[in-house]
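1. Show me the folded form of this:
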Amino acid sequence: MSKNTSRGRIIAAAILIICAVVILSLAIRFVHHRMAYAVTDAVFVRTDSLVSVGFNIVSGRVKSINKTAGDQVRKGEVLARLDDTPYRLTVERLKARLAAVKNERRTKKLFLRRLREETDLNQKIAASRLTELKKREKAMTAQIAAAGVKIEQLRRDNSRYEKLLPRQAVSHSQAEDAATRLRAGELDRDALRQQKAAIGASVLTSQYQLELAAVEKQRLRETAKEIKGLGDKIEETGAALKNARHNLAQCVLRSPLNGRVAKRFVSPGALVSPQKVVFSLINPRDIYLTVLLEEQKLAGVVPGSAVNITIDAYPDAKYEGVVETIMPASAATFALAPRDISAGEFTKVAQRIPVRIRITRGDITRLRVGMGGEVEIKRQKKVSAP
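-> All right, here's what the predicted structure looks like:
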């Protein structure tokens, strides 16, 4: 009986010793782990690329929504559409106006070219005819002067015959011939004067035609100004059409990045303005962790320290990271209601320092902003002075 009791005591003692050794080893391992790593569960998934998108230029009624919260999106993919009827009608109206103005300018250019050719030709013809008529008028003036000289001679001859006729120094036929030559000369001079008058009238007509050509020249300048004005109108209408087409294109809302929809703010049929946010998007590549690390655990934590990450939603998934930045102020510094210690009342509270961690390994597309987890930050044995 004593031998059995003694053996039982030995076994119990061995078991106790083994348990003590296991507990001690676990305690040593735990202490060593806590000394080697800064561990905290104040972990939050964050992003700096939470992008708000909407119809930044146009407003109207939402015709369709293609994405909802949680959906993946590609850059350039259509997220939503507005009812573009007003903007499409504006584009069609401006296109019609631009075509009409271009057609009017084209017609006026043809008219201007034809008018310029006709005006130049008429001016040349009128100038040439005026020069010819003035030469003829000058020659006619000389002929009338010569006829006048001849008539004066015929008058003297006729007067002499009239004096000689009573004395029968000349015959009646000779006297009649002298009178006939005088009347013929006067008639020729009158005919020359009439011709000169007709030439003078033609000269006035040619001068009028030249003046009319000058008026047509002024009309050419006015038409050229109208064409220039139409060119300016074409540029103005073209700019308005370009802007209208841009507005029409803005009725389609496209994703500016490859990512995921964080939230949808409107539904089909809703009225939106350029200030209205339609979607919030997240770029998974910009996701990082913010860790609020107690100030007592900062020893050995420096930028570049390796980090083991466990996300609460995916406990079996393996994530790794590296410390990017240790913020220069505690989280409480920027609290909406910071502690007031001016009255002298003070209770020491462990402060938490924000640490930014970049994820280097793991499927970050599964992460959602706001998720929590736990991190183990490898402490550096030697920390160089800043």
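
2. Output the strand with the most length in the chain as CSV - backbone C-alpha positions only.
-> Using DSSP state E, we find that the single longest strand of the chain is strand 314-326. Output of strand 314-326 as CSV, limited to C-alpha atoms (Å, rounded to 0.1, in the frame of the first residue of the first chain):
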residue,chain,number,x,y,z
TYR,A,314,-10.1,37.1,-42.5
PRO,A,315,-8.3,35.4,-39.6
ASP,A,316,-6.8,32.7,-41.8
ALA,A,317,-5.5,35.2,-44.4
LYS,A,318,-1.8,36.1,-44.1
TYR,A,319,-0.9,39.8,-44.5
GLU,A,320,2.5,41.5,-44.0
GLY,A,321,3.5,45.1,-44.0
VAL,A,322,6.1,47.6,-43.0
VAL,A,323,6.0,50.7,-40.9
GLU,A,324,6.0,53.8,-43.1
THR,A,325,5.5,56.7,-40.7
ILE,A,326,5.2,57.3,-37.0
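
3. List of residues touching it?
-> 288-289, 298, 301-311, 353-363, 366, 375, 377 (Cβ atoms under 8 Å, 6 or more residues apart in numbering). All C-beta atoms are positioned from the backbone trio N, CA, C, and that covers glycine.

4. same thing but 10 Å
-> 38, 288-289, 291, 293, 298, 301-311, 353-364, 366-367, 371, 373-375, 377-378, 380 (Cβ atoms under 10 Å, 6 or more residues apart in numbering).

5. Narrow those to those in strands?
-> 38, 288-289, 291, 293, 306-311, 353-361, 373-375, 377-378.

6. Pull up the gap between Phe265 and Gly76, please.
-> Computed with Cβ to Cβ, to the nearest Å, the distance linking Phe265 and Gly76 is 21 Å.

7. okay, the two: which has more neighbours?
-> Phe265 (14 against 10; other Cβ atoms under 10 Å).

8. Contacts only, for the more buried one.
-> Contacts of Phe265 (Cβ under 10 Å, 6+ apart): 52, 54, 69, 272, 276-280.

9. Make a PyMOL selection of the buried ones in the residues you listed.
-> Buried residues within these, by 16 or more other Cβ atoms under 10 Å, are selected in PyMOL with:
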select buried, resi 54+272+276+278+279+280
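
10. any chance of the contacts of Phe265 in CSV, with secondary structure and distance to Ile144 too?
-> Formatted as CSV, these follow (DSSP: H, G, I helix; E, B strand; the rest coil; distance: Cβ to Cβ, whole Å):
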residue, secondary structure, distance to Ile144
Ser52, strand, 100
Gly54, coil, 95
Ala69, coil, 109
Val272, strand, 94
Lys276, coil, 96
Val277, coil, 99
Val278, coil, 98
Phe279, strand, 101
Ser280, strand, 104
